[in-house]
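Trainee: Provided below are the primary sequence and the corresponding predicted coordinates.
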There are 2 protein chains.
Amino acid sequence: MERYHELLEGGALAVDVRAEPLFKARPTPGAVNVPWARIQEGDHDLPKDRPLVLLCEVGQMSRVAALYLEADGYGPVYVLEGGLRALDGGGA
Amino acid sequence: MERYHELLEGGALAVDVRAEPLFKARPTPGAVNVPWARIQEGDHDLPKDRPLVLLCEVGQMSRVAALYLEADGYGPVYVLEGGLRALDGGGA
């Protein structure tokens, strides 16, 4: 439970799970890009000792990636509800 | 987009959307308790100028609450994937 606090104290790592071309076209400042397909294959070196915040276009692929990550012992994993689009359009 | 950074810099507010008795039985340190039914009715005074992190038992009610909050101009809103149970069992 205590590690959930790390998110609130700014210890989380932002992970943009969009495909690389999308990330390159509109990079998310402060986030690392690990396309969700690579998360699905476990082909990444994300840390297991920090909360992860997953970002994608509308919040769907982040949830898929989050399930894989949690099953592999990563986390806590947070998903930006509504994805980056919610940031631009809504509560940006 | 810039407000998403506030989450990473520890500016988010944790909101536990479980029913009050559940929250009282097992409080989430550092979180305010706003049961999701009150979020649905807009019967709360959550801030509109801070990212919100929603917590619940398994991550379902947080998503419902997140949709209401984003529709009402709150956010960015993050949901703990798998809820508090993922913290205890998995990546706690």
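Mentor: Thanks, I have the structure now.

Trainee: OK, contacts around the residue most central in space within chain A?
Mentor: The C-alpha lying nearest the average C-alpha coordinate of chain A belongs to residue A:54 (Cα atoms, centre = their mean; 1.5 Å). Residue A:54 sits next to A:15, A:17, A:62-63, A:65-66, A:69, A:77-80, B:81 when contact means Cβ atoms under 8 Å, 6 or more residues apart in numbering or on different chains. All C-beta atoms are positioned from the backbone trio N, CA, C, and that covers glycine.

Trainee: how about 6 Å then?
Mentor: Contacts here follow Cβ atoms under 6 Å, 6 or more residues apart in numbering or on different chains; on that basis residue A:54 touches A:15, A:17, A:62, A:65-66, A:79.

Trainee: can you confirm it is in a strand?
Mentor: Yes: note on residue A:54: a strand contains this position according to DSSP: H, G, I helix; E, B strand; the rest coil.

Trainee: Skip the chain neighbours and tell me the closest residue to it.
Mentor: The spatial neighbour of residue A:54 that comes closest, neighbours along the chain excluded (Cβ to Cβ, 6 or more residues apart in numbering or on different chains), is residue A:62 at 3.7 Å.

Trainee: Just the residues contacting whichever strand or helix holds that neighbour, thanks.
Mentor: Of the helices and strands defined by DSSP states H and E, residue A:62 is found in helix A:60-71. Here helix A:60-71 makes contact (Cβ under 6 Å, 6+ apart) with A:17, A:36, A:39-40, A:54, A:56, A:77, A:79, B:81-82, B:86, B:90.

Trainee: let's see it at 7 Å
Mentor: Contact partners of helix A:60-71, identified using Cβ atoms under 7 Å, 6 or more residues apart in numbering or on different chains, comprise A:17, A:36, A:39-40, A:52, A:54-56, A:75, A:77, A:79-80, A:83, B:81-82, B:86, B:90-91.
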